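[1] Show me the folded form of this:
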Amino acid sequence: MSNVHVVNHPLVQHKLTLMRRKDASTNSFRRLLNELSSLMAYEVTRDVAMQDIEIETPLETMTAKVIDGKKLVFVSILRAGNGILEGMLNVVPGARVGHIGLYRDPKTLTAVEYYFKMPQDMPSRDVVIVDPMLATGNSAIAAVERLKEMNPKSIKFVCLLTCPEGVAALQKAHPDVPIYTAAIDRELNDHGYILPGLGDAGDRIFGTQ
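    From the prediction side, this is the model:
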């Protein structure tokens, strides 16, 4: 699984375990997701471009490095992606935000787009797509294909959980897109859910189940 980065930091793994528990409350699940997403943001932005600026410390003038957060775009796959988005913005509050609405057809499991809104000047921006689960890979593939039409500088995909089937599907369709995840679980079931997984992330984030 080349180009797949498993974020195995102890704090990430600890919080993921707590989120997996079926008795975790909506409030607890949401809070843990926010914290875990912030931790993953550090890894995802490890190679972000920097620039030198001149500043004044209390003692003297110096040249120091900063990132241009405005060139970074977090793209949330609605609706569950919004659960990761907040934690990412805690770390890079200057980032721009895009949204892509996709729902999974219950019969074919294919992704159907219903909403798409991105910042301007996408060719000068680095994109980080966020979605809690990379299961069949259909939504991720559709999102990447749509975003490639806008010719951004780069695209990364970030999820909490994935499985061998999802990784294989996304890598086959878009081998140039790195995948960042907290865990690669065992398999998909017949309904397209990750096992052992954590259930439906959207329902658990928003308390709709």
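[2] residue with max distance from the center of the protein?
    Relative to the C-alpha centroid of the chain, counting by C-alpha atoms, centre = their mean, Leu59 is the outermost residue, at 40.5 Å.
[3] Confirm that residue sits in a helix?
    No. Counting by DSSP: H, G, I helix; E, B strand; the rest coil, Leu59 is not found in a helix; it is coil.
[4] For it, list the residues it contacts.
    Leu59 makes contact with no residue, according to C-beta atoms under 8 Å, 6 or more residues apart in numbering. Just so you know, the C-beta spots here come from the backbone N, C-alpha and C atoms, and that holds for glycine as well.
[5] how much space is there between it and Asp52?
    Per C-beta to C-beta, to the nearest Å, Leu59 is found 19 Å from Asp52.
[6] didn't Gln13 look like it was pressed against Leu161?
    No. Counting by C-beta atoms under 8 Å, Gln13 does not reach Leu161; the two are 12.0 Å apart.
[7] The two: which is more packed in?
    Comparing Gln13 with Leu161 by other C-beta atoms under 10 Å, the one with more neighbours is Leu161, at 22 against 14.
[8] ok, now how distant is the residue nearest the centre of the chain from Met40?
    Closest to where the C-alpha atoms of the chain average out (C-alpha atoms, centre = their mean) is Val130, at 2.3 Å. Val130 sits 9 Å away from Met40, going by C-beta to C-beta.
[9] okay, and the common contacts of these two?
    84, 88, 158.
[10] tell me the strands in this protein, going along the chain?
    4-6, 50-56, 61-67, 72-78, 96-104, 111-117, 126-130, 133-134, 154-162, 179-184, 187-188, 194-195 (DSSP state E).
[11] Need the winner for burial among those strands.
    The highest mean neighbour count among the strands of the chain, using mean count of other C-beta atoms under 10 Å, belongs to strand 133-134: a mean of 26.
[12] In stretch 18-37, which residues are buried?
    19-20, 24, 29-37 (16 or more other C-beta atoms under 10 Å).
[13] For it, what is the distance to the chain centroid?
    Stretch 18-37 sits 16 Å away from the centroid of its parent chain (C-alpha atoms, centre = their mean, to the nearest Å).
[14] Ends of it, what's the gap?
    14 Å (C-alpha to C-alpha, to the nearest Å).
[15] related to what we said a few turns ago, distance to Glu187 and pLDDT for the buried residues of stretch 18-37 - can I get that in a markdown table?
    A markdown table is the format used below for the buried residues of stretch 18-37 (distance: C-beta to C-beta, whole Å; pLDDT from 0 to 100):
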| residue | distance to Glu187 | pLDDT |
| --- | --- | --- |
| Met19 | 19 | 94 |
| Arg20 | 16 | 95 |
| Ala24 | 23 | 91 |
| Phe29 | 23 | 92 |
| Arg30 | 27 | 92 |
| Arg31 | 29 | 93 |
| Leu32 | 24 | 94 |
| Leu33 | 23 | 94 |
| Asn34 | 28 | 93 |
| Glu35 | 28 | 95 |
| Leu36 | 23 | 95 |
| Ser37 | 25 | 95 |
